[in-house]
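Undergrad: Mind looking at a prediction? Sequence and model below.
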Amino acid sequence: MRNGAFINTCRAQILSRAESSFHGRRRKSEEGRRRKKGGGPKKKPVSRSVRAGLQFPVGRIGRYLKKGRYAQRVGTGAPVYMAAVLEYLAAEVLELAGNAARDNKKNRIIPRHVLLAVRNDEELGKLLQGVTIAHGGVLPNINPVLLPKKTGGDKATKEPKSPSKAAKSPKTAAS
């Protein structure tokens, strides 16, 4: 992917989820406002995470945004957007870590697989550049200068296999 494509795809997916969750709400009609309270069955409460189609908790993230005092006020769409971004990043990291675990013939993701997934991906590596993953280890890397030199690979240093091919045979030279 080219630079910024990761962010653009993330932004497009998040916007589509956030917009779909808020366009479903409608104002009560005049008829609904005049209806007496207590009439009819009570509706089951639906969480904002379910409305947005997310697994991450929108309400909890909203509470943390308010409690953290990042701004004086927090809009209703901010926690939905934030939850969608976090869910997308978590899904991306888990998918790559699962692939790394499968490559190592393991069924369980361990911190080593997460590290390999993040560091081998260009965009995630850039995003999490200063992050240390506990028990992740390091990427396998050997400086090419330290590798042993290949011998016998050059044709100039090779000796001919048989002396007859190097010079003409004495029979052909005598006749």
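TA: Good, I have the coordinates.
Undergrad: quick one: pLDDT of the residue most central in space within the chain?
TA: The structure's the chain has its C-alpha centroid closest to residue 92; by Cα atoms, centre = their mean the separation is 3.0 Å. With respect to pLDDT, residue 92 has a value of 98.
Undergrad: Who are the contact partners of it?
TA: Shown in contact with residue 92 (Cβ atoms under 8 Å, 6 or more residues apart in numbering): residue 124. C-beta: built from backbone N, CA, C; applies to glycine.
Undergrad: give me the element it is part of.
TA: Using DSSP states H and E, the element containing residue 92 is helix 77-103.
Undergrad: if we look at the helix or strand that that helix is followed by, which residues are touching it?
TA: Following helix 77-103 in sequence order, the next helix or strand is helix 111-120 (DSSP H and E). The contact list for helix 111-120 (Cβ under 8 Å, 6+ apart) reads 93, 96-101, 104, 106, 124-125, 128, 131, 133-137, 139.
Undergrad: Report the mean confidence score over helix 111-120.
TA: 98.
Undergrad: Which residues belonging to that helix are considered buried?
TA: Using 16 or more other Cβ atoms under 10 Å as the test for burial, helix 111-120 gives 112-119.
Undergrad: Kindly reformat the residues you listed as JSON lines containing distance to residue 9.
TA: Formatted as JSON lines, those follow (distance: Cβ to Cβ, whole Å):
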{"residue": "112", "distance to residue 9": "27"}
{"residue": "113", "distance to residue 9": "23"}
{"residue": "114", "distance to residue 9": "21"}
{"residue": "115", "distance to residue 9": "24"}
{"residue": "116", "distance to residue 9": "23"}
{"residue": "117", "distance to residue 9": "18"}
{"residue": "118", "distance to residue 9": "18"}
{"residue": "119", "distance to residue 9": "21"}
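Undergrad: related to what we said a few turns ago, if we go by neighbour counts, what in the helix holding residue 92 is buried?
TA: Within helix 77-103, the residues that qualify as buried are 78-85, 87-88, 92-93, 96-98, 100-101, counting by 16+ other Cβ under 10 Å.
Undergrad: Then stretch 64-78?
TA: The neighbour-count check on stretch 64-78 (16+ other Cβ under 10 Å) flags 65, 74, 78 as buried.
Undergrad: What number of residues are in the vicinity of the closest residue to residue 86 other than its chain neighbours?
TA: Leaving aside its sequence neighbours, residue 86 sits nearest to residue 56 (Cβ to Cβ, 6 or more residues apart in numbering; 5.4 Å). By other Cβ atoms under 10 Å, 18 other residues sit near residue 56.
Undergrad: Pull the distance from stretch 87-100 to the chain's centre.
TA: 5 Å (Cα atoms, centre = their mean, to the nearest Å).
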